[in-house]
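S.K.: Give me a model of this one.
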Amino acid sequence: MSEPHSGRPQRGGDRHHAPPAERRTLFRKLVELVAPGPDSRDQLIESLADAEHKELIAPESRMMLEGVIRMADMTAGDVMVATRRMDLLDIDAEYDDLLHVVIDTGHSRFPVFEGQRDNVIGTLMAKDLLKLQRSPDLNLRTLLRPAVFVPESKGLNELLRDFRANRNHLAIVIDEFGTTAGLITIEDVLEEIVGEIEDEFDDEDGESGIYTLADGSQRVAGDVEIGAVNGAFATALPTDVFDTIGGLVAHELGRVPRRGEAVEVGELVFTVMLTRGGAVRWFKVTRAAPASSSAEGA
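M.R.: Numbering: from 1, shown residues only. A predicted model of the protein is given here:
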């Protein structure tokens, strides 16, 4: 008769099992990897890269952990959309004008200003415009939600906690003088951890990366091939070193541009509309102003 099974492993028994070293858990492996422990944040990031190389963690896990670590030193001012690039709605604008801005930009939430762009009085959900369509006499002010203001120095960790606790997805960033410096969304914060978050307005196949905007300018995706840009604008941007327009613009500037920055390349001006995951997602492209010719007979 066999003996009842015991919860304790039998010492010296069953030599057919894999050696203990092969049965180490992932946690044990990670502990052994970082022991006695990194002395700095950079060393911790290097340890995570080493763990990925040794196939202890997946590449996606390493990227998220690294994003969490780096985010600890980041503030709202590092991630915000600068005020000059903010898409706002005027409280006194006509319904058709408001609808035009909503359709053109594709955002779900908008800061609303009165008088001057710096005077933000609330936020409007794009879906609430349907209420104005059904009831044209409805006052837009009744649809506004309170605006949330945060300082540029607010840490992203703390800001993410506030977003979750208050069920708010957008905040207006103010500088040390109380002036509007930009805006930041919960998506901006999360993308510092998980990378780019695709939505229904993002291209899946990369074939429709150039769009005409209402003002006649073009919206161009950062991963569009330079040849496609040359074809659309009848330009001759170099294609021998970089394949994408985002790579060429970053090369000309010497770094990846931030949101709101404009870079002139050849005959075109590339203004960054959106950055995600450390790369430019969308440019607004316009023709560069012709160089002023010297006055004749001077």
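
S.K.: Show me where the stretch 1-150 of the chain has its helices.
M.R.: Counting by DSSP state H, counting those that start in this stretch, one finds helices in the stretch 1-150 of the chain at the ranges 26-34, 41-53, 59-71, 76-79, 95-105, 129-134.

S.K.: what residues are up against residue 149?
M.R.: Contacts for residue 149 (Cβ atoms under 8 Å, 6 or more residues apart in numbering) come out as 171, 172, 173, 174. To be clear about C-beta, it is placed using only N, CA and C from the backbone, and glycine gets the same treatment.

S.K.: Swap in 10 Å and give it another go.
M.R.: For residue 149, the contact set (Cβ atoms under 10 Å, 6 or more residues apart in numbering) comprises 120, 171, 172, 173, 174, 178, 180.

S.K.: quick one: the fifth one and residue 184 touch, right?
M.R.: Translated: residue 174. No. Taking contacts as Cβ atoms under 10 Å, residue 174 lies outside contact range of residue 184: 11.2 Å.

S.K.: ok, and which of the helices of the stretch 1-150 of the chain has the densest surroundings?
M.R.: Across those, the average number of neighbours (mean count of other Cβ atoms under 10 Å) peaks for helix 76-79, which reaches a mean of 20.

S.K.: and that helix, what other elements does it pack with?
M.R.: strand 149-151, helix 156-166, strand 170-174, strand 180-185, helix 186-194 (3 or more Cβ pairs under 10 Å, 6 or more residues apart in numbering; DSSP states H and E).

S.K.: State the mean pLDDT of it.
M.R.: The average pLDDT for helix 76-79 rounds to 86.

S.K.: residues making contact with that helix?
M.R.: 71, 150-156, 158-159, 171-175, 181-185, 188-189, 191-192, 258-259, 275.

S.K.: for that helix, the distance to its chain's centre please.
M.R.: Its chain's average C-alpha position is 11 Å from that of helix 76-79, according to Cα atoms, centre = their mean, to the nearest Å.

S.K.: My guess is residue 117 contacts residue 88. True?
M.R.: Yes. Counting by Cβ under 10 Å, residue 88 is a contact partner of residue 117 at 5.9 Å.

S.K.: which residues do these two both contact?
M.R.: 111, 180.

S.K.: Of those two, give the one with the bigger neighbour count.
M.R.: Relative neighbour count places residue 88 above the other of residue 117 and residue 88, with 18 against 14, counting by other Cβ atoms under 10 Å.

S.K.: residue contacts, the more buried one?
M.R.: 101, 110, 111, 112, 113, 117, 118, 120, 123, 124, 180, 183.

S.K.: just checking, the fifth one touches residue 183?
M.R.: Read that as residue 113. No. Applying Cβ under 10 Å as the test, residue 113 and residue 183 come out as separate, 11.6 Å apart.

S.K.: Give me the more crowded residue out of those two.
M.R.: Applying other Cβ under 10 Å to residue 113 and residue 183 shows that residue 183 carries more neighbours, namely 27 against 20.

S.K.: From residue 250, how far off is that one?
M.R.: Look at residue 183 and residue 250: by Cβ to Cβ, to the nearest Å, they are 24 Å apart.

S.K.: What of residue 271?
M.R.: 14 Å.

S.K.: Kindly report the same for residue 108.
M.R.: Taking Cβ to Cβ, one finds residue 108 at 29 Å from residue 250.

S.K.: Quick check: residue 229 is in a helix.
M.R.: Yes. Under DSSP: H, G, I helix; E, B strand; the rest coil, residue 229 sits within a helix.

S.K.: tell me the contacts of it?
M.R.: 209-210, 218, 220, 235, 237, 239, 244-245, 248, 265-266, 268, 270, 283, 285.

S.K.: before we move on, back to that, take the contacts of residue 88 and write them to CSV, including pLDDT.
M.R.: Below are the contacts of residue 88 laid out as CSV (pLDDT from 0 to 100):
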residue, pLDDT
101, 83
110, 92
111, 93
112, 94
113, 94
117, 88
118, 87
120, 93
123, 92
124, 92
180, 89
183, 90
